[in-house]
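Asks: pasting the structure only:
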C-alpha cells in the first residue's frame, strides 16, 4: 500500500468515526489554564492532572496571581503529580515571564511559547494547536508509537522527525484534530503493550496489523 493511500484511508476513517476529538485536560477554555495543565501533564496522566488543577486554579486563577506566589507554595497544590518540585519552579517562572514579557497573555507563536520556563516544543505545539488552531503536531509517546505502527511514519527516530513527517502528509486544516485522533487512539486502542487490533477500525490500513497477519 502506498503511503498516500494509507494516510487517506486512516484520515477518512477518523473523520467518519471520530468527528469530535479534543484534549482531555480541563481548562475552561482559558489559555493560561491550558498552559498550566499541559506543563503538569509531562510524564503524568491527564486524569491525575485533572484531579490537581481545580484547587490549583482556585488558588491561582490568573498568571498574575501565580506570578506573585512562590514555587514552595505552588508545590503544595501539585505534589501528587510527577516531578512536582521542578514543575512548581516552572509554573512560577512561566507565570512571571507571562506577566513581564507578554502582558499576562499566552503567546500564540510556538517560538515565543518555547521561551517560557517548562515549555518545550511538545507543550508549545499543544497550546498553539488547541487554543489558536495552529497546524502544529505535538508528538508525545502515543503519537510517536501510533504513527509508527500505522505506517504513517517509517524511519522516524525522534519526535521532531515524526512531527515533520505527519505535518507534511496531513492536510493543514486537519492537523489540530489529527493530533487528538492519534493521542486518543494510542490511549484507548493502540496500547503500548497489548494493542486492541481485533477491535480497531484502522486495521485495513495498518502496517503493524498486516505484518502480524
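Replies: It's in. Everything quoted here is computed from the prediction, not taken from an experiment.
Asks: centroid residue for this protein?
Replies: Centroid-nearest residue in the chain: residue 126, 4.7 Å away (criterion: CA atoms, centre = their mean).
Asks: okay but residue 88 is in contact with residue 71, surely?
Replies: Yes. Proximity of residue 88 to residue 71 meets the contact threshold set by CB atoms under 8 Å, at 4.1 Å. For every residue, glycine as well, the C-beta is placed using N, CA and C.
Asks: Among those two, which residue is more densely surrounded?
Replies: The residue with more neighbours, out of residue 88 and residue 71, is residue 88; 24 against 16, by other CB atoms under 10 Å.
Asks: Quick check: which helices or strands does the lengthiest helix in the chain pack against?
Replies: Counting by DSSP state H, the longest helix found in the chain is helix 84-102. Using 3 or more CB pairs under 8 Å, 6 or more residues apart in numbering; DSSP states H and E, the elements in contact with helix 84-102 are helix 31-40, helix 63-67, helix 71-78.
Asks: Check those helices for me and report the most buried one.
Replies: Comparing these by mean neighbour count (mean count of other CB atoms under 10 Å), helix 31-40 comes out on top with a mean of 24.
Asks: Direction-wise, compare that one with helix 84-102 and give the angle.
Replies: Between helix 31-40 and helix 84-102, the angle comes out at 150 degrees (axes from the mean of the first three to the mean of the last three CA atoms, to 10 degrees).
Asks: quick one: the next helix or strand after helix 31-40 to chain centroid distance?
Replies: Remark: after helix 31-40, the chain's next helix or strand is helix 46-59, criterion DSSP states H and E. Mean-position distance between helix 46-59 and its chain equals 17 Å (CA atoms, centre = their mean, to the nearest Å).
Asks: Point to the helix or strand of this protein where mean pLDDT is at its lowest.
Replies: One helix or strand of the chain scores below all others by mean pLDDT, DSSP states H and E: helix 207-212, with a mean of 93.
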